[in-house]
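Participant: I would like the atomic coordinates for the input below:
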Amino acid sequence: MRALTSLLPALAAVAVVALGLALTGCGSGDAEARSAYVAAAGRAVAGFQESFGSLESDVRATSTPAQDRRTLDRFGTAADELATSLGAIRAPAGVRRLHARLVAEVRSFRTLIDRARPGFASRDPRKVITARTTFSAGVERVNGQITRTIDAINRALQG
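Facilitator: Residues are numbered from 1 along each chain as shown. So this is what the prediction gives:
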């Protein structure tokens, strides 16, 4: 049983969803501030995508539980870096609350990882399965929240 191989498509959605901000964030109003915001968010996401790309190549059906845990930790580091990068961006006034919500949602990956780590380290297959299932469901939930928040940011940016 591989804890992460079935998880990576769900995690990849984070990068794809976040990129949607950079692709659609144009609108009327303070175009310069909006463009700067979209560019900064795009740079933050590009860094995450680069880190995530190397994670995907490390996950194999033959990976050991220890390798899976290291990959989980590396994903946590990449998500932490994305949250920090996004948190450093000054969002335009019309999307500041939404942007703060987006940062908090990305940060929630760390909580999911920290809660899953003991189960992933267990020698009890039931605990591993429970940790994997709970973690996957959490990632799916957070991805949905991120998608809705980015959609709301895009609507606000487009005016």
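Participant: And the lengthiest helix in the chain, what does it pack against?
Facilitator: Counting by DSSP state H, the longest helix found in the chain is helix 125-158. Contacts defined by 3 or more C-beta pairs under 8 Å, 6 or more residues apart in numbering; DSSP states H and E place helix 125-158 against helix 8-24, helix 31-58, helix 96-121. The way it works is simple: take the backbone N, C-alpha and C, and place the C-beta from them, glycine included.
Participant: in the protein, which helix or strand is least confident?
Facilitator: Lowest mean confidence among the helices and strands of the chain (mean pLDDT, DSSP states H and E): helix 8-24, at a mean of 49.
Participant: follow-up on the earlier one: where among the helices and strands packed on helix 125-158 is average confidence lowest?
Facilitator: If you rank the helices and strands packed on helix 125-158 by mean pLDDT, helix 8-24 sits at the bottom with a mean of 49.
Participant: and the angle from the longest helix of the chain to helix 96-121?
Facilitator: 170 degrees (axes from the mean of the first three to the mean of the last three C-alpha atoms, to 10 degrees).
Participant: Quick check: buried residues in helix 125-158?
Facilitator: Neighbour-count burial for helix 125-158, counted by 16 or more other C-beta atoms under 10 Å, picks out 128, 131-132, 135-136, 138-139, 142-143, 145-147, 149-150, 153-154, 156-157.
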